[in-house]
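J.: A predicted structure for the sequence below; I have some questions about it.
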Amino acid sequence: MKIFAEAYKCGKEASIDELKRLLSAANPGSIVQVVKLGATNNELLVEMLAAQTLQAESSGSLLAKKPEIDFLLRVAGTTQISKAIRALGVKAGAPFVLVVASRSTLKGTKPMKRTELPRRELTAPELWRIEKAALLNAVRA
């Protein structure tokens, strides 16, 4: 399964609701989620976690009812929604990372390219986060 994912650093002046609305409209069926700035610094990690969510959605094994929440749980490394929100939730007026992921080529992201997270090889701790996120499905079984 081919996955397209991008992550952008957004300043406190950016409107979470407006950005999510615009990207959701441009990319129907995609995951559009925000996390606290610093939750991840590598676009490849975001892509791998988004791939897990999209695969879980395809197989009917999401960790939550919505794929956006599943993705948040995987980034946080927990099956507890309240814990994930406490750890990664974005408060109004705070900088954040905006993530959009889909099985289709992404649209409407061109103006945001200058704020894209860097994409680099995965480190050992990042590989562990991916493995831990994949194991969350086993924890719930």
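T.: Nice, I can see it. Numbers count the residues shown, from 1 in each chain.

J.: sec struct for the residue most central in space within the chain, please.
T.: The C-alpha lying nearest the average C-alpha coordinate of the chain belongs to residue 99 (CA atoms, centre = their mean; 4.8 Å). Secondary structure, DSSP: H, G, I helix; E, B strand; the rest coil: residue 99 is strand.

J.: what about it, distance to residue 138?
T.: Between residue 99 and residue 138 the distance is 24 Å, computed by CB to CB, to the nearest Å. Bear in mind the C-beta positions are built from the backbone N, C-alpha and C, glycine included.

J.: likewise residue 3?
T.: Distance from residue 3 to residue 138, by CB to CB: 22 Å.

J.: residue 3 contacts residue 53, correct?
T.: No: checked against CB atoms under 8 Å, the pair residue 3 and residue 53 is beyond contact range at 9.4 Å.

J.: what residues does the helix or strand harbouring residue 49 touch?
T.: Using DSSP states H and E, residue 49 maps to helix 43-59. Residues from elsewhere that reach helix 43-59, judged by CB atoms under 8 Å, 6 or more residues apart in numbering: 1, 3, 5-7, 31, 40, 62-63, 67, 70-71, 74-75, 97, 99, 101-103, 116-122, 126, 129-130, 133-134, 137.

J.: of these, buried ones?
T.: Among these, the ones that count as buried by 16 or more other CB atoms under 10 Å are 3, 5-7, 31, 40, 62-63, 67, 70-71, 74-75, 97, 99, 101-102, 117, 126, 129-130, 133, 137.

J.: those in strands, which ones?
T.: Cross-referencing the buried ones among the contacts of helix 43-59 against strands under DSSP state E gives 5, 6, 7, 31, 97, 99, 101, 102.
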